[in-house]
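Participant: Quick one, what's the 3D model for this:
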Amino acid sequence: MIIDQQEYHVNGLDYIIRSAVEADAEALSALRLQIDGETENLDREPGEAFIDAAGFAQLIRTDTESSRNLFLVAAAGDRIVAFSRCAGTYLKRSAHKTEFGVGVLQKFWGYGIGKHLLQESIAWADSTGIQKMTLNVLETNEKAIALYQKLGFEIEGRLKKDKILSDGNYYDTILMGRFRE
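Facilitator: Below you'll find the predicted structure:
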């Protein structure tokens, strides 16, 4: 699915949020690899589940053609600095929902980029009749959990000792959902 481009001006940074296009594929491959190395808030270590440019191009094509998927990027100047995806399904029992995921370069934290990507995704979901958005977040990512709750997500469950981080300790994954009212 495609959305209209939106412009944002936050704390001296100008950026846009728009639908991903195939020409973004190479930059997205490098961006995802970099983001995975900057935080333990995500599911992967750097290089794990690597997606090359061809893989991203295919993902973008699929998401653009699907009314149940949305792939967004945030660009500051000519550089993509963040992305998000909503992935839905046509299985009848789950066709009412989509799963949200996001990644933002650490240098661009604090500019509302993740929040705006989520708000655009919520607006898209609501406008297309999707009833529920879900997401997973590591228990240590308290800022993200607070943001998700502020935007209407509720904690629905907890996967105990779901991830092991570099400190050798296990951490829970929080399952969150937002049901359209």
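Participant: dump the residue contacts of the residue nearest the centre of the chain.
Facilitator: Geometric centre of the chain, nearest residue: V102, 2.0 Å, by Cα atoms, centre = their mean. Residues counted as contacts of V102 (Cβ atoms under 8 Å, 6 or more residues apart in numbering) are A82, F83, S84, G114, L117, L118. Any C-beta I mention is one placed from the backbone N, CA and C, and that applies to glycine too.
Participant: now P46
Facilitator: L33, D36, G37.
Participant: So S127 versus R32, what's the distance?
Facilitator: In this structure, S127 and R32 are 27 Å apart, going by Cβ to Cβ, to the nearest Å.
Participant: do the same with A82
Facilitator: In this structure, A82 and R32 are 11 Å apart, going by Cβ to Cβ.
Participant: list residues touching both of those two?
Facilitator: The contact lists of A82 and R32 share G103, where a contact means Cβ under 8 Å, 6+ apart.
Participant: more crowded one of these two?
Facilitator: Higher neighbour count among A82 and R32: A82, with 24 against 19, using other Cβ atoms under 10 Å.
Participant: Surely the more buried one forms part of a strand?
Facilitator: Yes - using DSSP: H, G, I helix; E, B strand; the rest coil, the secondary structure at A82 is a strand.
Participant: Quick check: it vs V137, distance?
Facilitator: Separation of A82 from V137 (Cβ to Cβ): 16 Å.
Participant: and if you look at A57?
Facilitator: A57 sits 28 Å away from V137, taking Cβ to Cβ as the criterion.
Participant: any idea where the strands of this protein begin and end?
Facilitator: Secondary structure of the chain (DSSP state E): strands located at 6-10, 13-19, 70-76, 79-88, 97-104, 132-138, 154-164, 170-179.
Participant: Go through those strands and pick out the most buried.
Facilitator: strand 70-76 (a mean of 23; mean count of other Cβ atoms under 10 Å).
Participant: State the mean pLDDT of that one.
Facilitator: Strand 70-76 shows a mean pLDDT of 98.
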